[in-house]
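>>> okay, here's the prediction I keep looking at, along with the sequence it came from:
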Amino acid sequence: MRYYINSGLFACLIVCFLLPFLEIKCNDTELGSMSGYSLMTAGEMDLKDASMMDYLKDNKEFNILNSERKKHPDIFTISAALMLLVGVVLSLVMKKYREQTAVIISAIVIAILLIFRGMMLYQWEKQIGAQPEMFSFIKLSINFAIGYWLVVIGNAFVMTLNGYYLFQKKKMQENISDFHDHQSPDTLEEL
């Protein structure tokens, strides 16, 4: 059963890339969202509010950011998804070091996604945050949505689970070595 847990968890985390990763909000109203898959393929944003999208179409900074995004697919989401795919394959193929590999892959995916978050927030602030607020009551913001957080938390769970497996394996090996190190009387010498 443990043989398939890591590969199944990694596969579920890949499916989470179909969920919204980013949301663009005006004050507290969601304007649009992008899934992890859309980020990987430089796809379109799912728009929620058509009236505010007219404002965004006229916003020079937003248009620059959007055109840059469409030219280049997001390397961070591609890297994270590829690492998860590698995790699925290696979890099925490897006989030894399966737990260690799962911990390493999960740590790499978390690091990639945290760097992605930092870079995205920096770029957003640089492009959108620097502009004067329209009538000083409209604030555009970017938020990380359920898909992003499920992938991050899911990888943290995989790390914790495999860390527990490694701890149990080490404890069992210590018990076995203690049993073998303990001198037992040889029954043949007593006869």
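Cool, got the structure.

>>> helices or strands up against the longest helix seen in the chain?
Scanning the chain for the helix with the most residues, using DSSP state H, yields helix 146-181. On a contact count with 3 or more C-beta pairs under 8 Å, 6 or more residues apart in numbering; DSSP states H and E, helix 146-181 meets helix 2-15, strand 20-26, helix 36-41, helix 98-124. The C-beta positions use only the backbone N, C-alpha and C, and glycine is treated the same way.

>>> so the first one versus helix 98-124, what angle?
When you say that, I think you mean helix 2-15. 10 degrees (axes from the mean of the first three to the mean of the last three C-alpha atoms, to 10 degrees).

>>> re the thing from before, closest to Lys170 out of the helices and strands packed on helix 146-181?
Closest approach to Lys170 among those is made by helix 98-124 (10.5 Å; C-beta to C-beta).

>>> any buried residues in that closest one, and which?
98-99, 101-106, 108-110, 112-113, 116-117, 120, 124 (16 or more other C-beta atoms under 10 Å).

>>> equivalent analysis for stretch 157-171, please.
For stretch 157-171, burial by neighbour count (16+ other C-beta under 10 Å) applies to Val158, Met159, Leu161, Asn162, Tyr165.

>>> as CSV, those with distance to Gly8 and pLDDT would be great.
Listed next are the buried residues of stretch 157-171 as CSV, based on distance: C-beta to C-beta, whole Å; pLDDT from 0 to 100:
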residue, distance to Gly8, pLDDT
Val158, 10, 92
Met159, 16, 93
Leu161, 11, 91
Asn162, 13, 90
Tyr165, 15, 85
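
>>> for Ser106, give me the pLDDT.
At Ser106 the predicted local distance difference test score is 94.

>>> and the gap between it and Val158?
4 Å (C-beta to C-beta, to the nearest Å).

>>> by mean pLDDT, point me to the weakest helix or strand of the chain.
Within the chain, no helix or strand scores below helix 187-190, which has a mean of 52 by mean pLDDT, DSSP states H and E.

>>> just to revisit the earlier point, ok and the longest helix of the chain relative to helix 98-124, angle-wise?
With the same axes, to 10 degrees applied, the angle from helix 146-181 to helix 98-124 works out at 150 degrees.
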